[in-house]
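> just to be clear, the model below is a prediction. Sequence and coordinates:
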Amino acid sequence: MSALAVALSASIGSLLAISIGVALGLRVTQISIVSFDLARFGTPLSGVILVGIAIGQVL
């Protein structure tokens, strides 16, 4: 496989992944739990996930 083909396929795959991520992110921000929306809990939720992963790695 040529270097050009690898570069093109990587760039197209990256563009698709970013586009899908943005589209899903816009939908997820509109989910509401009780009176709060999920967008407000994004950073604390990701922090809890990262701490959970870290604890799992230590154990």
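Noted; the coordinates are in hand.
> only C-alpha atoms for contact and neighbour calcs from this point on.
Fine.
> pLDDT at Leu26, what is it?
The predicted local distance difference test score for Leu26 is 82.
> so how far is Ile20 from it?
Applying C-alpha to C-alpha, to the nearest Å, one obtains 10 Å for the distance of Leu26 from Ile20.
> and what of Leu50?
Per C-alpha to C-alpha, Leu50 is found 22 Å from Ile20.
> same deal with Ser46?
19 Å.
> do a quick rundown of the helices in this protein.
For the chain, applying DSSP state H gives helices covering 3-28, 42-58.
> could you dump those to TSV with mean neighbour count?
Shown next, in TSV, are these (neighbours: other C-alpha atoms under 10 Å):
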stretch	mean neighbour count
helix 3-28	11
helix 42-58	11
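> distance check, Thr29 against Phe41.
Thr29 is 10 Å from Phe41, where distance means C-alpha to C-alpha.
> intersection of neighbour lists for these two?
In terms of C-alpha atoms under 8 Å, 6 or more residues apart in numbering, Thr29 and Phe41 are not both contacted by any residue.
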